[in-house]
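K.L.:
For reference, the sequence and a predicted model appear below.
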Amino acid sequence: MDIEQAFGIIIRKYRLERSMSQEKLALESGLDRSFISLLERGKRKPTINTLFAISDVLQIKPHTIVKDIENLVYMK
């Protein structure tokens, strides 16, 4: 699994845990809804600014998201 796919899986997981739509996440993070969709499908590479904006809205530390991504990418 590549990093973009893992990022999408983790972001979607946290978004759904908070019963949040892509539209609401996009609005509150200052991103476009279609961009959130592309991120969740692993079609776009997030910047560090994107990571921080999304993590702020999801109320989770960026390092937690990165650790979850790392666990998916390097699963053994």
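P.N.:
In hand now; what should we look at?
K.L.:
from here on, contacts and neighbour counts on C-alpha atoms
P.N.:
Fine.
K.L.:
can you pull the contacts of Ala6?
P.N.:
Residues near Ala6 by C-alpha atoms under 8 Å, 6 or more residues apart in numbering: 42, 69, 72-73.
K.L.:
now, which of those residues sits nearest Ile11?
P.N.:
Of all the contacts of Ala6, Ile11 sits closest to Ile69, with 9.4 Å by C-alpha to C-alpha.
K.L.:
just the helices in the protein please.
P.N.:
In the chain, the helices defined using DSSP state H lie at 3-17, 22-29, 33-40, 48-58, 62-73.
K.L.:
Redo those helices as JSON lines? Include mean pLDDT.
P.N.:
JSON lines is the format used below for the helices of the chain (pLDDT from 0 to 100):
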{"stretch": "helix 3-17", "mean pLDDT": "97"}
{"stretch": "helix 22-29", "mean pLDDT": "98"}
{"stretch": "helix 33-40", "mean pLDDT": "98"}
{"stretch": "helix 48-58", "mean pLDDT": "98"}
{"stretch": "helix 62-73", "mean pLDDT": "97"}
